[in-house]
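Trainee: quick one, what's the 3D model for this:
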Amino acid sequence: MRNLKLKRCLRFNTSGSLGSPQCSAIRSETGTVLIGSGYGFVEFDPNSQEIIKDISLTAANFLPEDGNGHLVGIQDVPDQESVCVATSTGDVLLSNINTGQLECVGSVDSGILAMSWSPDQELVLLVTGQQTLILMTKDFEPIAEKSIYQDDFGEEKFITLGWGKKETQFHGSEGKKAAQQKIMAVQPALPWDDHKPRITWRGDGQLFAVSSVCKETGNRKIRVWNRELALQSTSESIEGLEQALSWKPSGALIASSQSKPNKNSIIFIEKNGLVHGEFTLPFIKGQKKVKELLWNSDSTVLAIWLEDVEKEGSSSSCCVQLWTVGNYHWYLKQNLHFGNNKMNNVECLMWDPENAYRLHIICTGWHYFCFDWFWSTDCSDGGQGDVAVIDGDKVLVTSFQHAVVPPPMSTYFIQLSCAVNEVAFQLDPKESSGLAILDSANTLSIYRYGNSTVNDPTVKLEAVGGNGFKTSYKTPKLEKKLRDVGTITGHVISLCYSSNTKHCAIQTSNGQLWKYLWENPTPVVEPWIDGMGHKVKFPQPCLQTALTSIEGEEVVIGLTERSRLFINSSEVASNITSFHLYKEFLLLTTHSHTCRCVSLQDTSLKALEAQLNSTSNPNDETIRKVERGSRIVTVVPFDTKLILQMPRGNLETVHHRALVLAQIRKWLDSLLFKEAFECMRKLRINLNLLYDHNPKAFLDNVDLFITQIGSVNYINLFLTEIKDEDVTKTMYATASLITMQSSQGAKAKKVDIICDAVRTAMEKLDPQKFCLSILTSYVRKTKPELEIALQKVHELRESPSTTVVSADEALKYLLFLVDVNELYDYSLGTYDFDLVVMVAEKSQKDPKEYLPFLNKLKKMEINYQRYTIDKHLKRYRKALRNLSKCGSGYFAEFLNLVKDQNLYTEALELYQHGTVEYKAINAAYGDHLVSKQQYELAGLIYARCDSTEKALDAFVASSNWHQVMCMASQLEYSGEKIAALARTVAGKLLEQRKQADAAVLLEQYAEDYEEAILLLLDGAHWEEALRLIYKYKRLDILETNLKPALLDAQRNHMILFENQKTTFTRHKERLSVVREMKEKARQGLLDEDMTGCAEADLFSETSSIMTASNASGKYSQSNSRISSRSSKNRRKAERKKHSLKEGSPLEDLALLEALAENIKMVDKLRGDVHSLLKVLILFEYDTMAKELQQAYDDLLQLFETSILDIWPPGVQQNTAAPILGPHSTANSISISYQHQRNVNTSVQDSELFTAPKLSKNIQWKLCVLQQYEDFL
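Mentor: Numbers count the residues shown, from 1 in each chain. Below is the predicted model of the structure:
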């Protein structure tokens, strides 16, 4: 649904040249035009409008001096830097472009009728005066020569098997004579035919066709030849075949013209000679003749050169028509008239080989025209979404707001008196919408919509009309009106207007933009200035332009024929095939077969450029896939329809997700819930958006929502689709949308909030009407309240006369929502047997199955009955509560249920403290905890029920020595028994490295002072050991045990610090090497052949995969043996997967982990070192104390200065980010992504990328040693 519009027209009169133009050609390298005449040829530059060269052939005697000679062909030969011309007398000449020197490369005695070069300029074909074809190479070496007339059909002659012969058919009453083939008389060529041969090449240069007049019959035939001059096929006898001939460059069809008894047609012939399709020319038989046909280079436009048939006493005129095809319908898009003056008759017509839509025309009086065309869709900005399509003397108008009518049909058409060249819709919002039409006679017609009831005879309904029907569609009326016009310097190639700012943007041929202020009292044209004060100029001229606003600045959007999209002077995309502005949206189609819909609100030029060049995520609402080659026709105003046209011409209506969501949000902001709901239901938009868009507004207006929707089915649909998910953050996430969060409850309770709010509103408005929706609100809650829903059904059964919905209907609906077995269980849980029977009757259950069970329950005591039901339904907590009400006689059964279902805490709440039942439950609970090895808690439970012996054993097992001594005291143990118990518990504590607690037991309860002191020395509790030594007068231990232990501790710490320093330094240096090598690998600076180095596996994708696989397999077995007592232990086990082996894929992470562990372990020794230093000073081991403090301080200083090198800012991002960019290779990208995958799958704890913190607030140093060091 596009029209062919004039972009630019250049006109120049070379009246100083001699003779009349006879042939022409284009020089592709320079864009100049070669024009041949009876005196020679000239080279003309359309841009400068100057004749560059004038080569005379009369001076060299190749043409007669009187100018009566004739050039049959001219061709630029860039490989030889020459121009090749052929004369009718038989000379083939080469003229050097630089020197102008002429060279005759060959002559034909019989003369030359035509010359044609192949598209690849490797071959040249001559038609001689003897009706022969001479095929030569570009160096004019003969390949073959054959007569143009051939009796044979050609190499592709059809093979006839004899089936269906006319002689074998039954002919009825006609008799046998009808079986004889009738020989049709072939009419000779038309009187005005020039009888000259025509040559046309296929686009790939493999075949060419020659049209010539048969010397025997006098009619024209078309023969197809290959590059070796072998005849391929001959056309069938076509009555009235004319001289025009042109092979479609991209296809297998040859275009020609045919004169039929009552019309003139353009026919299409296949390479096998058979006619395949045609269309009729819009003039009366005998009025005009087709002189030439010419396809443009991309086969989209067919130019037809027409001339009036000469009649006595009348002057003839000529015209050029441009035809295009879509949906198998041929449209006349342009009709160029050149008047009745003989000097304006067309002599040469040619398409530019480089610019597919540039047409060159040369007239008799050396008038040169250059037309540049482009495709454009003419659509209205508002109103009814009209699109106008030119089709000869008709303008086809389709109103997409009323109906999507596929072309070539339309809503209505406007019939003009002659062919239409241009249409435009009115853009002034102050005026009613109108349509201006400019025809080929330069008549301007303006049609405007109005309230008149009189139909205009030139406007006729088509697709929406018909016999016997009345239509309410308003058609436009003809109105003559012309407004003031403005002038501007330069060639104007596009105009665009903004109804908001009343500005018109004008683009000239050099891309310069001008602002036309036509609303001013005096219209003003001034340069377009951007926000920075610079003049706006497109880097390349744009075929389509539009005005919009971005960040409050009015900008011009332009699209070039090379798919480059500009906004002002900046290029924002380079793969755009079409675009359209609709309100705040910019819609685009791309070469990647997608359609983008981008909001221009709250965006910047840089953000827009980044968005257009970024890849989309699965939930990106701004992009959708479309069919290959789709282009935007229009967007229907006040709707969500986007009309696309496919390459073959058919239309497709899509509802772009961004347009739909934007419209829905506007409706929701305006509280138009019904319109939003119907659109969402029709276009399958998730109904959660009704709430998630603005939860507060929805809850505040839930009554209005129910009133507008009205339908029970629609409300049920809404309730069944809601889920605990904010679709504005997931499915319909958009950066420009700020969702108002609900102040009621967390996100997980969204379903419950909606169900409760909607149910409350329905119960207030009309509970009878919305009965089924109320039931839905109970069922759809996070924890379905089926008991309440069933109770509602039971109430309907009890009072059926006052309800709209019967109990049976309500029950059937519940069974639709809930499984029947589940609903049966819930009904049984209500303890209402009538309700149970009612549900069971609707199920497939056999009455023999459930009736005996129900009868048995009815006979039970009420509490035991409910206990039995709850136990049957596995509602053990309720069952336990009901069983507790049955009395002490059922306590044994009660206790068994507690033990079976582990309901100890619930059971304890059902009995008072101090009762026999309470103690029994506690005793059973303690036994359960012991079986679970929870000894400490078991001891506490035993103690509550006076099971002191069991409590003592449990506390001993848990090493809780405080409670052990308490229980022993309650049991009144003797001193010897307490001492033995103390030694036993001390042994357990010693296994757990709790020497201080063990020493307390030995000192206070076992009275073994020496052993207590030795335990304290073993645990490095120096000062506590000194206290006991002096308390119990055991000064001998100072020399025998304390001082040697101090010296050993100092030596061990010195060795530990040295080892930690060595290990830390080695890991740090290795980490630097690994990081440097990985960085080089990302940058592609390492050689790929690294098989000899130990780190080769680090960069090999295969070895990375194998290493990761082996590591995961190895540690998956060990993980089964790792205790999961805490999440910290599990994280520690996960981190062990990192191997320190050189060359492993995650070696850098393993090094980070090892370095962090070194720092943390050493940092924890601050208190131990401080305690040791004090005792060393006390016993005058100053030198050793100084060495220890210095060594520890040096190690901590090393850690502190190295932390920033090991954990620089952004280390986490650098480790996981893949390396892309212009300098990356396939291997580097593969390595980077493999490394990223390994990191993502293996690293579970962010602590690896966080530097450990040193405990600087702990004062461990002794100032006396610092002063001593300064003194030394």
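Trainee: only C-alpha atoms from now on, for both contacts and neighbour counts.
Mentor: Fine.
Trainee: in contact with residue 210, which residues?
Mentor: Residues in contact with residue 210 (CA atoms under 8 Å, 6 or more residues apart in numbering) are 197, 198, 199, 200, 222, 223, 224.
Trainee: most neighbours among those, which one?
Mentor: When neighbours are counted by other CA atoms under 10 Å, residue 222 leads the contacts of residue 210 with 28 neighbours.
Trainee: next, the residue lying farthest from the centre of the chain: secondary structure please.
Mentor: In terms of distance from the mean C-alpha position of the chain, residue 1033 ranks first, at 85.5 Å (CA atoms, centre = their mean). Three-state call for residue 1033 (DSSP: H, G, I helix; E, B strand; the rest coil): coil.
Trainee: can you offset everything so residue one is 28?
Mentor: Got it, the first residue is 28 from now on, which makes the last one we talked about residue 1060.
Trainee: look up phi and psi at it.
Mentor: Dihedral pair for residue 1060: phi 60, psi 40, per degrees, to the nearest 10.
Trainee: against residue 401, how distant is the closest residue to residue 383 other than its chain neighbours?
Mentor: Once flanking residues are discounted, residue 383 sits nearest to residue 324: 5.2 Å by CA to CA, 6 or more residues apart in numbering. Separation of residue 324 from residue 401 (CA to CA, to the nearest Å) stands at 14 Å.
Trainee: let me know the closest of the contacts of residue 237 to residue 717.
Mentor: For the contacts of residue 237, the minimum distance to residue 717 (CA to CA) is 64.6 Å, reached by residue 227.
Trainee: isn't that closest one right next to residue 275, touching?
Mentor: No - Residue 227 is not in contact with residue 275 according to CA atoms under 8 Å; the separation is 9.2 Å.
Trainee: list the residues that contact both of the two?
Mentor: With CA under 8 Å, 6+ apart, residue 227 and residue 275 have no common neighbours.
Trainee: pLDDT below threshold where in the stretch 1078-1227 of the chain?
Mentor: 1110-1165 (pLDDT under 70).
Trainee: what do you get for the stretch 528-677 of the chain?
Mentor: Along the stretch 528-677 of the chain, the parts satisfying pLDDT under 70 run over 643-646.
Trainee: show me the contacts for the nearest residue to residue 1006 once chain neighbours are set aside.
Mentor: Using CA to CA, 6+ apart and skipping the chain neighbours, the partner closest in space to residue 1006 is residue 1033 (4.3 Å). Residues counted as contacts of residue 1033 (CA under 8 Å, 6+ apart) are 1005, 1006, 1007, 1009, 1010.
Trainee: double-check that residue 463 belongs to a strand.
Mentor: Yes - counting by three-state DSSP, one finds residue 463 located in a strand.
Trainee: from residue 664, how far off is it?
Mentor: From residue 463 to residue 664 the distance is 21 Å (CA to CA).
Trainee: lowest-pLDDT helix or strand in this protein?
Mentor: Here the helix or strand of the chain ranked lowest by mean pLDDT, DSSP states H and E is helix 1128-1146, holding a mean of 34.
Trainee: I'd assumed residue 305 was in a helix, is it?
Mentor: No - the assignment for residue 305, made by three-state DSSP, is strand rather than a helix.
Trainee: surely it touches residue 291?
Mentor: No - with contact defined as CA under 8 Å, residue 305 does not count as touching residue 291 (10.2 Å).
Trainee: between those two, who's got more neighbours?
Mentor: The neighbour count for residue 305 versus residue 291, taken as other CA under 10 Å, is higher for residue 291 (23 against 16).
Trainee: what residues are up against the more buried one?
Mentor: By CA under 8 Å, 6+ apart, residue 291 lies in contact with 284, 285, 307, 308, 310, 311, 312.
Trainee: I'd say the second one and residue 295 touch.
Mentor: Just to be clear, that refers to residue 285. No - using CA under 8 Å, residue 285 is not in contact with residue 295; the gap is 10.0 Å.
Trainee: domains of the chain?
Mentor: Here the domain parsing of the chain from automatic domain parsing is 403-510, 693-808, 811-886, 969-1060, 1072-1146+1159-1276.
Trainee: can you add distance to residue 28 and give those back as TSV?
Mentor: Listed next are the domains of the chain as TSV, based on distance: least, CA to CA, whole Å:
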stretch	distance to residue 28
domain 403-510	6
domain 693-808	26
domain 811-886	50
domain 969-1060	87
domain 1072-1146+1159-1276	41
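Trainee: returning to that earlier point: tell me the pLDDT at the residue nearest to residue 383?
Mentor: pLDDT recorded at residue 324 is 92.
Trainee: give me the helices and strands touching the longest helix along the chain, please.
Mentor: Longest among the helix segments of the chain by residue count, using DSSP state H, is helix 1070-1110. Contacts defined by 3 or more CA pairs under 8 Å, 6 or more residues apart in numbering; DSSP states H and E place helix 1070-1110 against helix 1174-1190, helix 1193-1205, helix 1209-1233, helix 1253-1269.
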